[in-house]
Every structure is written in C-alpha cells, then in structure tokens.
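Novice: Take this sequence and fold it.
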Amino acid sequence: EKAVYFRNTPVSIQKEAVNTEIDKQVPKLEKFLTSLGTIANISTLLGLLGTVTGNISAFGVLGAGASMGNPALLAGSIAEALVTTASGLVISIPALVFHNFFVSKVDKMISNMETSVSGMQFKTLFENDLYFEIARKQNELAEYMKTKLIDLGIKFEIESDTNQLFPIFPNEIVEQLEKI
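Specialist: Have a look, this model is predicted:
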C-alpha cells in the first residue's frame, strides 16, 4: 500500500516510506512470539522446579522415618516429582515447536517484504526518473505560463485537485478570440 501511495515520489522516499511501514508491521507480526517463547521456557523450568520439590519431599520422608520411612508418603513425593516434570514437558515441547515455526514464518515474511522493496525500487528507478523529469518540465511550463499571464494582466484560477491553470479572459478578448 505504501509503495503505491508513494509511487510518484523519488525512489529514496519510496524506500524510506516502505521501510518505515515494514518497521511498523514487524512488531505486529512478532506480537505473540515473545509470550510463546516465554511459555516454552518457563514451563520447562516449572517442571524442573516440581521435580526438585518432589525430590526434596521424598528425601524428607526418608529422613523422618529413619532408614525406610513411610512407603505411601515416599510414593506420593515421587509421583509429585514425575507429574510436574511431565506437565512441564507436555506444555513446553509443543510451545517450543510452535514458537520456532512462527519465528521462521515471520522471518520469511520480513525477508520477502524487504526483497519486494528492493525489486520494486530497481524496477521503478528508471520509470520514476523519467516521470519526474516530465513532471518537472510540466511544473516549469506552468510557472512560465503563470508569469506570462500575470505580465499580460490576465487573471487566472488554479484548480486545486489538478493544479491546472484556467485563464479568466475579459469579455473583449474572448470576443476577439471568437472572431479568429
């Protein structure tokens, strides 16, 4: 969209406008990637934390019961360690896979946008130079015509949309022109 909007401007301005738009869009593309990566990393750490607390609890049971302790309490502590480890892995593995998948997609989209900008600029470089040379000549001619109309005392209007000059001739001149 930006490239089309700025198509009648020099290539350097087009490049700046499109790159600015890309810079605005990249954070939108990466919006949830940080959260997904954080979930993948934290869930692994929470699983590890549960494993550690379960093992601490299991050793507490062993320590309280002399050499063997209470087997039911020991089994509960070991189960806590295993459940938290499994839960952390069940959450982190898919989150990590999706995070990497989406990072790859976003990187590819950014690369495609940047490549498209470079291709567009190369393609339109000659067209823009020619277009601007014509536009510059038209502006010079319009300025010359304004000056001559002012010198001749002829009033004129400028259409705001197209910047075209419309002379307002006095009736005597119009009548003389009609005779020609």
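Novice: list the buried ones in stretch 144-158?
Specialist: Of the residues in stretch 144-158, Leu149 count as buried by neighbour count, 16 or more other C-beta atoms under 10 Å. For the C-beta atoms, the positions are set from N, CA and C on the backbone; glycine is no exception.
Novice: got the end-to-end distance for it?
Specialist: 14 Å (C-alpha to C-alpha, to the nearest Å).
Novice: Equivalent analysis for stretch 26-36, please.
Specialist: Start to finish, the residues bounding stretch 26-36 are 16 Å apart (C-alpha to C-alpha).
Novice: That stretch: which residues count as buried?
Specialist: Of all the residues in stretch 26-36, those buried under the rule 16+ other C-beta under 10 Å are 29, 33, 36.
Novice: Pull up the gap between Leu73 and Ala79, please.
Specialist: Between Leu73 and Ala79 the computed distance is 11 Å (C-beta to C-beta, to the nearest Å).
Novice: neighbour count winner among the two?
Specialist: Taking neighbours as other C-beta atoms under 10 Å, Leu73 and Ala79 compare with Leu73 leading, 16 against 12.
Novice: and the more buried one, what pLDDT?
Specialist: What the model reports as pLDDT for Leu73 is 77.
Novice: Give me the subset of the buried residues of stretch 26-36 lying in helices.
Specialist: Assigned to helices by DSSP state H, the following of the buried residues of stretch 26-36 qualify: 29, 33, 36.
Novice: any chance you could map the helices in the chain?
Specialist: If DSSP H is used as the criterion, the helices of the chain fall at 2-5, 11-29, 33-64, 71-151, 171-179.
Novice: would you turn those helices into TSV with distance to Glu157?
Specialist: Written out in TSV, the entries for the helices of the chain read as follows (distance: least, C-beta to C-beta, whole Å):
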stretch	distance to Glu157
helix 2-5	28
helix 11-29	30
helix 33-64	56
helix 71-151	11
helix 171-179	15
